[in-house]
Structure formats: structure tokens, C-alpha cells
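# Structure, please.
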Amino acid sequence: MLEQVGDAIDIGALMAEIGRNARAAARPLSTAGADRKTAALEAMAGVIETKRADILAANALDLAAARESGVAPAFLDRLMLTPERIDAIAAAIRDIAALKDPVGDVIAEWDRPNGLHIERVRTPLGVIGVIYESRPNVTADAGALCLKAGNAVILRGGSDSVHSSRAIHSCLVAGLTAAGLPEHAIQYVPVTDRAAVGAMLSGLDGAIDVIVPRGGKSLVSRVQNEARVPVFAHLEGICHVYVDASARLAMAREIVVNAKMRRTGICGAAETLLVDRAAADSHLVPLVEALRSAGCQVRATEEIRARVPGLAAAGEADWSSEYLDAIISVALVDGVGGAIDHIGRWSSAHTEAVVAEDPAVVERFFGEIDSAILVHNASTQFADGSEFGMGGEIGIATGKMHARGPVGVEQLTSFKYRVRGTGQVRP
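As a prediction, this is how the structure comes out:
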């Protein structure tokens, strides 16, 4: 498959071949029955469980290289696989297998006065390119979701997770083969050269229908700036938690700590805590101390530092920072209106949470904030396709075209119209 130029791989030729193979696989996949796709997914999950030791060995190579390069602990957490995480990957594939097949689903139907019957029906998008960094589980999530929606997919993982992703990909191909589906339905780009990303962004001569980037700001910015095909993307996860004066303190404390500290390196982790100034005397210190006790560095405004000694100062850059680490910025605001103003200025439109018992506060928060996901009295870390019952996700889309929020099976489909007549002609 790899064409050589001297001792180098011809990236252009390689990617063109991958594109042709994906397009060729997309047609039979679009008409594959639900039972066949389900069989492939179940087989993939089984192979992943069988190959657990091989996947862990591959992941150990990636982790060793990452540690040698001195990456942050949050990065290592995103990269690391454990037996439990591999079991979770297999379980997520089985969850996707159990979902209703979206292809052919009639979204809407109606009759016209002239007797025409019109249906809007879900169809696969075609070929999806997924470009991602560090998280090897995305290989399985993206491959399984695209397959369930009848799409072929080209996966380009980061160099940091290359061994892990290749090991998982081999399990996906084994599942396809077991079910008699084209092995090129899920392809993994076998080189880490950045030119491969550029080739995908060009659309591979019309082979790719949509690009989904999942990674840091520099990756997503590059994709959005250079892509010649539609993009489902989120730029950053600058997520906020607003604690209203009506909030129950015990609940607020638990939610805030979980939203920040459960996993600090995911896009749904809270990066800013906003506390109602009316609750400063009762809620502020307990919330800050709970975060510090959990090992979180708190960066705060001067107003808060005057109340709570020993906090780092929050500068303007902090409000626009996705830390992806055990760091949070904290500010006092004038009620829900102040929270809405702050979020409107600094949010990346990913996920925001309100902790409140006052229904008027909640309705205003939900009504006036235009982020993809809004949460009441729960952690921002529920911003996840599996937690939404979607079986998994490729990512959280923060744009407003086609897909928004968790990109799951339904978001990976388009639609067509079927019009049934009895001989009508247009006058």
C-alpha cells in the first residue's frame, strides 16, 4: 500500500489510496443491514477484550515516550489505558451496537394537497475523517459510531498515542472482517507525518465528506482554518459552574469539586467557578477550601483574595484559559445576571452549569446562555455522549451547523427526501 520515494513514504499517494478505499467501502456500508453492523460491533468488542494484554503493551510504549518527553500529568491521564479503561472501551462499543440503527429512519412525513406523500429519511454522511490527539479510546469510539451510522471513516491519531491506536484499530478491522464488511470501512492513517493531516483537510480529491477534529486548540484551529470540507469542531472546553445564592451548599461543594477534579484533562472539566456575591459569606470559603483540599490550585480575583488568604491572583488570561489541569479561576458575580455576562464574554460555548434551587434563576440561565450544553444541579463532567445515552461520541461540537453538543450516531447522518406519487405532474 505504501508507495516509496527513495527511502521516504509518498504521503500524497498513500493518502489518495486511503481516500479511494474509503469511498469504495462507503457504498456497501451505506446499505448494510442493521444486523450486520451490530455483528461487527459485537465482534470488535470481543476482540478488544481478548487482546487486552496486547493493547496494554502498546500503550506502555506510548506512556514511556510521553514520560520521557516530560508531559504534564493531565496529558498522561488522557493517554493512559488500564484494564478497566479497556473494558470500558469494549462496553462503549456494545452500547453503540445496542442503539437503534439510524439509517433509513423516517424523521418526518406529510401529505400534500395534490396527493404527494413526502418523507425525510436519515442517510449516512459518507466518508468521515477524524483527526485527534492523545486519547486512544477515540479510535474505538469514532470507528464504532461511524460504522453504526453507515459511514466509512479515516482515523488519524496523534503521534503520542500511535501504538495504542494501532492496536485498537486492528481489533476493529478484525470485527469488520468477521461480519463480512469491507475492511477499509475503518482505516487508520499509518504515518505520523503532519502532511497526512493536510491531505485530509484538502478532502482527498472529494473522498471525505466531513472532518471531525478532537484535540487541543492548535489542532482544531488548523483544521478550521485549512479544511476544504465541512467541519464538526469544538475549539476549547472553557466550562463554567455558577453557584447561586439559592444553592444548597453541600450539593454545590460536591458538584464543584467533581466538575473540576474528577478528570482534569477532559473538555468537560470546569475551568471557572462563579459564585453569587450574595452568597459570598456563606458559600465562598467552603467551596474554595473544598477545591484546595482536593489538590486544586485556586486563582482568584483580588476581592476574593482579600477574603481568603493564600490564593494565587487571577489575571485576565485566566478567564480564557482551558487549564486541563488541577487549576481553577474563581470570581464573585452579581447574581445570575452577572454570571450570564461573564460566561457570555469568556465561554467557548461548550458546557455551563448552574447550581441553584430558585427555578427563576435556572430558567434565566438556560434561556440566556447559548452554549451547546447547559446543566442544572449536576457536574459539567456529564458532558459526554455515553452519559447522554448515545453509546459514545466523537466529540462535543460547539458550532451551530448540523451537529451541536455530543456528536453521536444521529449527528453522523444526513437525510434525503422520498416523494411518492400516483401520477402527479406539475401544472
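
# Next, the contact list for the nearest residue to residue 343 once chain neighbours are set aside, please.
Nearest residue to residue 343 in three dimensions, chain neighbours excluded: residue 240, at 5.2 Å (Cβ to Cβ, 6 or more residues apart in numbering). C-beta here means a position set from N, CA and C on the backbone, and glycine is covered the same way. By Cβ atoms under 8 Å, 6 or more residues apart in numbering, residue 240 lies in contact with 270, 271, 272, 273, 274, 339, 342, 343, 346, 347, 352, 353.

# now residue 261: how far from residue 86?
24 Å (Cβ to Cβ, to the nearest Å).

# The two: who's more crowded?
Neighbour tally, residue 261 and residue 86, criterion other Cβ atoms under 10 Å: the higher count belongs to residue 86, 23 against 18.

# separation between that one and residue 59?
In terms of Cβ to Cβ, residue 86 sits 9 Å off from residue 59.

# List the buried residues of stretch 312-328.
Residues of stretch 312-328 classed as buried by neighbour count (16 or more other Cβ atoms under 10 Å): 314, 318, 319, 321, 322, 323, 324, 325, 326, 327, 328.

# I should have written stretch 56-63 there, sorry.
Across stretch 56-63, burial judged by 16+ other Cβ under 10 Å covers 56, 58, 59, 62, 63.

# same check, this time on stretch 143-150
Buried residues in stretch 143-150 (16+ other Cβ under 10 Å): 143, 144, 145, 146, 147, 148, 149, 150.

# quick one: contacts of it?
29-32, 37, 40-41, 44, 92-93, 96-97, 99, 101-103, 123-125, 128, 130, 152-153, 155, 169, 172, 176, 181, 185-186, 391-394, 407-410, 412-413.

# May I ask which two of the buried residues of stretch 312-328 are separated the most?
319 and 326 (17.9 Å; Cβ to Cβ).

# Helix, strand or coil: sort out the residue nearest to residue 343 for me.
strand (DSSP: H, G, I helix; E, B strand; the rest coil).

# any idea of the pLDDT on it?
Residue 240 carries a pLDDT value of 98.

# so what's it bridging to?
residue 272, residue 352 (DSSP bridges).

# Where do the strands of the stretch 101-250 of the chain begin and end?
Taking DSSP state E, counting those that start in this stretch as the test, the strands found in the stretch 101-250 of the chain are 106-111, 117-124, 127-132, 152-156, 186-188, 210-214, 239-243.

# Would you tell me which of those gets closest to residue 82?
Nearest to residue 82, of all the strands of the stretch 101-250 of the chain, is strand 127-132, at 19.7 Å by Cβ to Cβ.

# Output the contacting helices and strands for that closest one.
The contact analysis (3 or more Cβ pairs under 8 Å, 6 or more residues apart in numbering; DSSP states H and E) places strand 127-132 against helix 11-30, helix 137-148, strand 152-156, helix 194-201, strand 210-214.

# and the ones you listed as CSV, adding distance to residue 290 and mean pLDDT?
Formatted as CSV, those follow (distance: least, Cβ to Cβ, whole Å; pLDDT from 0 to 100):
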stretch, distance to residue 290, mean pLDDT
helix 11-30, 49, 96
helix 137-148, 30, 95
strand 152-156, 40, 98
helix 194-201, 41, 94
strand 210-214, 31, 91
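
# May I see the ones you listed arranged in TSV, with distance to residue 376 as well?
Formatted as TSV, the helices and strands packed on strand 127-132 follow (distance: least, Cβ to Cβ, whole Å):
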stretch	distance to residue 376
helix 11-30	39
helix 137-148	27
strand 152-156	35
helix 194-201	38
strand 210-214	27
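
# So which of the ones you listed is nearest residue 370?
That would be strand 210-214 among these, by Cβ to Cβ, at 21.7 Å.

# May I have the secondary structure class of residue 422?
Residue 422 - assigned by three-state DSSP - is coil.

# contacting residues for it?
residue 115.

# and if we set it to 10 Å?
114, 115, 116, 117 (Cβ atoms under 10 Å, 6 or more residues apart in numbering).

# what's the answer for residue 315, then?
Residue 315 neighbours (Cβ under 10 Å, 6+ apart): 299, 301, 321, 329.

# now stretch 177-194: how far from the chain's centre is it?
Remark: stretch 177-194 is offset 21 Å from the chain centroid, using Cα atoms, centre = their mean, to the nearest Å.

# Kindly report the same for stretch 283-302.
28 Å.

# Test my guess that residue 130 contacts residue 158.
No. Using Cβ atoms under 10 Å, residue 130 makes no contact with residue 158, being 11.6 Å away.

# Between the two, which has more neighbouring residues?
residue 130 (27 against 21).

# Could you report the pLDDT at that one?
95.

# hey, what's it bridged with?
residue 155, residue 212.

# In contact with it, which residues?
138-139, 141-143, 145-146, 153-157, 188, 200, 210-214, 232, 394-395, 407.

# Can I have the buried ones of the residues you listed as a ChimeraX selection?
Command for ChimeraX, covering only those of those found buried under the criterion 16+ other Cβ under 10 Å:
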select :138,139,141,142,143,145,146,153,154,155,156,157,188,200,210,211,212,213,214,232,394,395,407
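
# My read is that residue 213 contacts residue 225, right?
No. Counting by Cβ under 10 Å, residue 213 sits too far from residue 225 to count as a contact (11.1 Å).

# shared neighbours, the two?
Joint contacts of residue 213 and residue 225 (Cβ under 10 Å, 6+ apart) are 201, 231.

# Buried only: go through the contacts of residue 240 for me.
270, 271, 272, 273, 274, 339, 342, 343, 346, 347, 352, 353.

# thinking again about what came up before, who touches both of residue 86 and residue 59?
In contact with both residue 86 and residue 59: 136, 164, 168, using Cβ under 10 Å, 6+ apart.

# Can you tell me, leaving aside adjacent residues, what's nearest to the last one?
Looking back up the chat, that one is residue 168. Residue 168 sits nearest to residue 139 (Cβ to Cβ, 6+ apart), 4.5 Å away.

# go on, the second one?
If the residues on either side of it in the chain are set aside, residue 164 comes closest to residue 136, at 3.6 Å by Cβ to Cβ, 6+ apart.

# Pretty sure the one you found sits against residue 85.
Yes. Applying Cβ under 10 Å, one finds residue 136 in contact with residue 85, separated by 9.1 Å.

# So which of the two has more stuff around it?
Of the pair residue 136 and residue 85, residue 136 is the one with more neighbours under other Cβ under 10 Å, namely 30 against 14.

# show me what contacts that one?
55, 58-59, 62, 78-81, 85-86, 89, 157-158, 160-169.

# Next, find the distance separating residue 345 from residue 253.
Distance from residue 345 to residue 253, by Cβ to Cβ: 26 Å.
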